[in-house]
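Novice: when you get a sec, could you give me coordinates for this:
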Amino acid sequence: MNTTEIPAHSHQLNASKQGGFQFTPVDYYLLTSDITLYAPPSAGNSAMAANEVSNTGGGQAHNNMQPYQAVNFIICLQGVFPPRS
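Specialist: Numbering: from 1, shown residues only. Sure, this is the predicted structure:
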C-alpha cells in the first residue's frame with residue numbers, strides 16, 4: 001500500500017510549554033525539554049501550525065490478494081499408480 005491507498009485520516013499531536021518530568025510517553029504530552037520529555041495532559045496545550053499535522057491518505061482502491069499456492073493432489077485409492085511394468 002502507498003499513501004494514496006490508505007484511508008484518509010489525521011493524527012493529533014499535543015505539546016506543552018511547561019518543562020517535562022517523565023521519561024515514558026504513556027498518557028503524557030511531548031515537550032521541548034532536552035532532559036525529560038513528557039508532561040501530564042493537565043499542563044496545557046500549545047497551538048500547532050495547521051500544516052504541521054495534516055490529513056493524509058487518499059482512500060483509493062488497492063489490490064488485496066492474500067498469498068496463495070495451488071497444490072494438486074492425485075491419490076490412488078486402489079492398486080498401484082502409476083502401473084509398474
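Novice: I'd like the distance between I6 and S54.
Specialist: Noted for I6: a distance of 14 Å to S54, by C-beta to C-beta, to the nearest Å. Yep, even glycine has a C-beta here, placed from its N, CA and C like the rest.
Novice: who's more crowded, those two?
Specialist: Legend: neighbour count by other C-beta atoms under 10 Å for I6 and S54, higher for I6 (14 against 9).
Novice: so what's the more buried one up against?
Specialist: By C-beta atoms under 8 Å, 6 or more residues apart in numbering, the contact list for I6 reads T56, G57, G58, G59.
Novice: most neighbours out of the residues you listed, which is it?
Specialist: Neighbour max across those (other C-beta under 10 Å) = G57, 15 neighbours.
Novice: in contact with that one, which residues?
Specialist: T3, T4, E5, I6, P7, A8, H9.
Novice: at 7 Å what do you get?
Specialist: T3, I6, P7, A8, H9 (C-beta atoms under 7 Å, 6 or more residues apart in numbering).
Novice: what's the distance between the second one and M65?
Specialist: When distances are taken as C-beta to C-beta, I6 and M65 turn out to be 17 Å apart.
Novice: again with the last one
Specialist: Remark: distance between H9 and M65 (C-beta to C-beta) = 24 Å.
Novice: more neighbours, these two?
Specialist: Between H9 and M65, H9 has the larger neighbour count (other C-beta under 10 Å), namely 9 against 5.
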